[in-house]
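>>> have a look; sequence and predicted model below, questions after that.
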Amino acid sequence: MVIYGGDEVAALVLDIGSSSLRAGYAGDDTPKAVIPTAYGYTVEQDQEGGDVAMTEATAEGEQTETPPKRTKLYVGQNGPSVWREGMEVGDPVRNGLITDFTPMPSLISHTLTEVMRCNPAEHPILVTEAPWNTPANRERMAEIIFEEFQAPAFYIANTGVLNAFAAGKGSALVVDIGHTEASVTPVVDGFVLRKGLAHSSLPTLVRAHTKHLLTYPAYGRQGIQLFPHQLIAAKQTVDAGAAARFTLREDRVVGTTETWKAWYEARESEEWMQSVAGVLDQGWNDQLAAQKGARHYEFPTGYNTYFGVDRLLVGEQYFTHSPQLQASNSDLPKTIPALISQALTACDPDIRQVLLGNVVLTGGGSLLSGLSDRLQNELSRNVSHSKVHAPGNPAERRFGGWLGGSILASLGTFHQLWISKEEWQEHGKAIVSQRCK
Amino acid sequence: MAGPSAADVRSILSLPNLSTPGPSQPRKPPATTERARKPEGISRELYSLIGPSAPTLAAAQLSKPRLKQKPNLGGGGRVKWEWRSFKNGARNDPLRLSHWVKASTDPEAEYKFAVYNVQPNSYTYSQEEYTRWLGDKEWSKEETDYLFDLVRSYDARFYVVADRYEYPESNRTMEDMKERYYSVCRKLVRNRPWAGDDASKANLLASLAFDKEREITRKGYVASLETRTASEIAEEEALYVELRRLEQNERRFKKERDELLRTLLGIESGLPDIMADEESLNATTTVEPKRSRKKGDTDPPVSASTSMNTISLGQPVPRKQSAKSAAYDALHCIHRTEVPQTTTTATKAAHQPVYLRSYKLPTPKSATGPRIAQIMGELGVSHTRLVMPTRENSAQLESLLEAAGALVETKKQVDRIEQEIRIAQERLGKSSEGGDDEAMDVDENDGEGEANEDGRAQSVVSTRSSRPRK
C-alpha cells in the first residue's frame, strides 16, 4: 500500500539516548519499548535467579573497562531501578555518545527480544546517533548490529535530522534538550551543517543545581533527604514543611552501592523537577515569580512542602547563568540562547532566515513548563522573524528522534539507502560513513 | 338471535348474491392462510401482536424504507495480501526486503519507488580537458576534483558542500566554491561540441552564470538586514507608514482635482470619462482632436459614474487602432498624434486638455514681438491667423516664427557688439594713436561691413548679417 510515499518493510528503529533507549517498529507513532539506558551490574559469583537476569557480558576481550569478568547485567525496566545487594549502576552514554559499548548488546537484545519479542535477524534496523557522534562510534554500532544481531540491513541516522523530519521539516534549527546534553543543530535539506552544530552539557548542570537546591538547606527549609522508596521501611504522614518521620530499611542500607544511590537520588531530584519546576516565560522577574504560586511536592521519605520561587529558578538556568555561578566557574556550559546564536553565526546569512522560521524544540528536557514560551520570547526579542515548532504532545518531544526514524525508515524511497549485510561484508566499515552522510 | 345478515340486506335490496359465503360458513381457512403468509418487512413479534387486522399499520410497515443505496467501496470480495520479498531496482546489491502487497500484483514488477532515484546530471571532465581549458592558479586539479566530488555527492547543495568542505590548507568560502564550480561548468559547456541549437546553449550558460562579487555584496546586505537595531526597524516602519500616508493623500488630491475639472470644464477637461459627441466631431473635421482615445462608433459610451474609480489622471493610454477606425480616420482626414507620455502623471502639469492646434502657435515674446511682426509684415504673412491652419501649415508657420525670432536675436547681438567695438575704438584712439593698425583695420573692416549692412538690416531680413557670427 502506498500512502504518502510510505512502504513498510517492518524495520526496527532504535534510539539510544542518555536517559532511555527507545525501540519500535518503523511506521508507528510511539516506540514499543522504552527502557532506561543505565544498567545495573553485580560482580558477585552468586547466580541470583532473577527474572531479568541477562546474558553474560560479552567477553570481547578488547574491553578493558568496567565491568570486569563474571559480571551480571541487569537491564530494562526492572534493571537498575530494582534494589539489589551490591548492584552498581553504570551509564553507557556520556554527553550523548555511547562511551561504553559493553552493555550495548545486552540492552539492545533485551529491548528487541524480551520487550518487543521480535527476532532482530529478520528486520532492517535503523539506529540513531547524536549529531556530534564520532565515525568510530557509528562503525562500532554497525558492527554490533550486523555481527551480534545478524540484521539484514542497517542505517544510522542523525537525531538532529530525525527531529526535523518528525516535525515535518527538511530544513530546521533543531533545539534538542536531552537528559545530559542540550544541542542546537542546523539542518538543511536533511543534512546537518556540522560547522553550525552547537551543544553543551547544560541539562547536567541544571540537574546538579536542582539536586543542590533540594539537598542543601535554603528557602527556610532543611536539606531534603532523597532516599529512594526502596530503602524506606515505614513513614508517617507529616504536615507540609515538617521534618520527615521515617525508618530506613537497615538491611538494605548496608548493601547499597554508591553508584546506585547517586543514580536514584538524581532520579528523585529529576522527578521533582519534572513535576514542580518551571520557567518564567518573560525572563526573570521577582514579582512575577512570586505571583506564579507555590506547588506542593512529597518525597519518598514523606517530607512534603510547597515550592515557590525556587522551583522557577531551576528553569532559569537554561537561559541565564547567575553572576555568582559565572564568577566561580569560568567554564560553564553554554545557555540555550548562546547555543542558538553560536549555531546561527556559523551558518550562511542566507540560510539563517530559513532556520529561524523553523525552530524545532524537542527532547524530554524541553517539557519543562513554560520553556517553549520562554524560548519563543527570547528569540523574538533578538530576531525579527522566528517561529518555534514545539509539539504539544509530550510523546512527540520525548521520542522526537525515534519518531523521525520511524518516518524515515517507512518511506519507500529510503529503502535504497540501507546498508545491507552483503555490503557490510564486502566493503567493511568504510561503507558506513560513505552511505550515512 | 342473530341480527340481519348481509345476505338478508342483499335480498331486501334485491342485490345479486355474488358467491359470498353465508354467515354460517366458517371463515377459518382464509384467516389461516393470511396468518401463514406473514408480510415481509414486518417483524414476527409485531405481527403476532397486531395480527392481520391492522391493515393500515401493516401497509405502512410493509413498504420497505427507501434508503440511499450504500456505496460500493470497491471489492466487497476479500482482497488477499501477502508478505512478499522484493528487489529494489535502485540498489546495487542483492538485498531483498519484504513488504505487504496485494497478492494480485505482479511479483516481477519493478519496485515502484525505484523511479524516484534520479541522479542529477553532473559535470565531469577528463585530464586533457582540464589542462586545456580549466586551469586556474587559485585551484589545483586535486582540489577541483574534490570540490566536484562533494558537489556530486550532495547534489549541488552548496550549503552542505561548504559545510563538509575539508581540503587541507584551504579556506574557501561558499562563493569561492560556487564560482569555481560554475566557471568550470561554463567552460565545459562552451568548449565542448554542442548537440543542440545555440539558444539552448545560451540558456544553459545563463543558468550557470555566477557573479561572485554581486553575491558577496548581496550576502552583506542580508547580514546587515539582520543586524538592524530595534530602533532602526521602528524607524523603517514609521517611514513606510508615512510613505503610505503621502501616497494616499496624493491619490485623494488627484481625485478631488479630477472632480473639480470635470465640473468646471466638462469635455475640455480632457478627462477620459467624458465622451465627446461623435456627431459634432464628424461635422467639424477641421477640428482635429488631439485625443487618441476616440474610438470607433462601436464602443458603448462609458458612463461617468462607472469609470470614475478607474480613471487615471495622466494621458489616456493610447489604444491600438483597429482597421476600421484607421479607415475612418483616413476618410475624415484625422491625424492622430502621440501625446507625449509623462512619467509623472500625478503632477499638475501633466494634465493636457483638448485644444485647437492653431491656438497653440507660439506667440512672439513681448520684447521681440513688434520686430517679428514687422518681419512677417514684410514677408506678407499674417502670423496671428492662418487661413488654413492644417498640420503642415501651422508647423511651417511655427518654424518661420522661430527663424524670425532667431534673426531678431542675432541682430540684437550684432548691434550690441558693434557698439562695444565702437566704444573700444574710440578709447584706443584716445590713449595710443596708431597702436596696432592691422588689428584695427580688421576690426574697422568688419565694423564697416556690419555698418554698411546695418541700414539694410534695419528694414530687410538679411541672412548674411548673421552668417559670419555663426
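Perfect, I can see it now. Residues are numbered from 1 along each chain as shown, chains lettered A, B, ... in the order given.

>>> by contact count, what packs against the helix or strand of chain A with the lowest mean pLDDT?
Scoring the helices and strands of chain A by mean pLDDT, DSSP states H and E places helix A:323-328 at the bottom, with a mean of 84. Helices and strands touching helix A:323-328, by 3 or more CB pairs under 8 Å, 6 or more residues apart in numbering or on different chains; DSSP states H and E: there are none. (Each C-beta comes from the backbone N, C-alpha and C, glycine too.)

>>> tell me where the stretch 1-150 of chain B has helices.
B:6-12, B:28-36, B:44-50, B:55-62, B:127-129, B:141-153 (DSSP state H, counting those that start in this stretch).

>>> mean pLDDT lowest where, among those?
Note on the helices of the stretch 1-150 of chain B: lowest mean pLDDT is at helix B:28-36, with a mean of 49.

>>> one step back: alpha carbons of the least confident helix or strand of chain A, as CSV, please.
In CSV, the C-alpha atoms belonging to helix A:323-328 read as follows (Å, rounded to 0.1, in the frame of the first residue of the first chain):
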residue,chain,number,x,y,z
PRO,A,323,26.5,36.1,38.2
GLN,A,324,27.8,34.2,41.3
LEU,A,325,28.0,31.0,39.3
GLN,A,326,29.8,32.7,36.4
ALA,A,327,32.2,34.2,38.8
SER,A,328,33.0,30.9,40.4
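
>>> I'd like the average pLDDT over stretch A:97-110.
Stretch A:97-110 comes out at a mean pLDDT of 92.

>>> just how off-centre is it within its chain?
Distance of stretch A:97-110 from its chain centroid, counting by CA atoms, centre = their mean, to the nearest Å, is 15 Å.

>>> what's the end-to-end length of that stretch?
By CA to CA, to the nearest Å, the extent of stretch A:97-110 from end to end equals 20 Å.

>>> going by neighbour count, list what's buried in it.
For stretch A:97-110, a neighbour-count test (16 or more other CB atoms under 10 Å in any protein chain shown) marks A:97-98, A:100-110 as buried.

>>> would you turn those into JSON lines with secondary structure and distance to B:Glu142?
Below are the buried residues of stretch A:97-110 laid out as JSON lines (DSSP: H, G, I helix; E, B strand; the rest coil; distance: CB to CB, whole Å):
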{"residue": "A:Leu97", "secondary structure": "strand", "distance to B:Glu142": "33"}
{"residue": "A:Ile98", "secondary structure": "strand", "distance to B:Glu142": "36"}
{"residue": "A:Asp100", "secondary structure": "coil", "distance to B:Glu142": "40"}
{"residue": "A:Phe101", "secondary structure": "coil", "distance to B:Glu142": "37"}
{"residue": "A:Thr102", "secondary structure": "coil", "distance to B:Glu142": "42"}
{"residue": "A:Pro103", "secondary structure": "coil", "distance to B:Glu142": "44"}
{"residue": "A:Met104", "secondary structure": "helix", "distance to B:Glu142": "40"}
{"residue": "A:Pro105", "secondary structure": "helix", "distance to B:Glu142": "42"}
{"residue": "A:Ser106", "secondary structure": "helix", "distance to B:Glu142": "47"}
{"residue": "A:Leu107", "secondary structure": "helix", "distance to B:Glu142": "44"}
{"residue": "A:Ile108", "secondary structure": "helix", "distance to B:Glu142": "42"}
{"residue": "A:Ser109", "secondary structure": "helix", "distance to B:Glu142": "46"}
{"residue": "A:His110", "secondary structure": "helix", "distance to B:Glu142": "49"}
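
>>> and chain B, which of these reach it?
Subset of these in contact with chain B: empty, counting by CB under 8 Å from any CB of the partner chain.

>>> need those in TSV (columns: distance to B:Glu235).
Putting these into TSV (distance: CB to CB, whole Å) gives the following:
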residue	distance to B:Glu235
A:Leu97	48
A:Ile98	53
A:Asp100	58
A:Phe101	59
A:Thr102	63
A:Pro103	61
A:Met104	59
A:Pro105	64
A:Ser106	64
A:Leu107	59
A:Ile108	60
A:Ser109	65
A:His110	63
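
>>> contacts for stretch A:330-349 next, please.
A:173, A:175, A:177, A:182-186, A:193, A:195-202, A:204-205, A:317-321, A:325-326, A:352, A:355-356, A:375, A:378-379, A:382, B:159, B:162, B:174, B:219, B:222-223, B:226 (CB atoms under 8 Å, 6 or more residues apart in numbering or on different chains).

>>> filter these down to the buried ones, ChimeraX style.
In ChimeraX, the members of the contacts of stretch A:330-349 classed as buried (16+ other CB under 10 Å) are selected with the following command:
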select /A:173,175,177,182,183,184,185,186,193,196,197,198,199,200,201,202,204,205,317,318,319,320,321,352,355,356,375,378,379 /B:159,162,174,219
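
>>> of the contacts of stretch A:330-349, which belong to strands?
Judged by DSSP state E, the contacts of stretch A:330-349 include A:Leu173, A:Val175, A:Ile177, A:Ala182, A:Ser183, A:Val184, A:Thr185, A:Pro186, A:Ala198, A:His199, A:Ser200 as members of strands.

>>> could you dump these into a markdown table and include distance to chain B and pLDDT?
As requested, the ones in strands among the contacts of stretch A:330-349 are exported to a markdown table (distance: CB to the nearest CB, whole Å; pLDDT from 0 to 100):
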| residue | distance to chain B | pLDDT |
| --- | --- | --- |
| A:Leu173 | 13 | 96 |
| A:Val175 | 19 | 95 |
| A:Ile177 | 23 | 94 |
| A:Ala182 | 21 | 94 |
| A:Ser183 | 16 | 95 |
| A:Val184 | 15 | 96 |
| A:Thr185 | 12 | 95 |
| A:Pro186 | 9 | 96 |
| A:Ala198 | 14 | 95 |
| A:His199 | 16 | 94 |
| A:Ser200 | 20 | 94 |
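
>>> thank you kindly, that will do.
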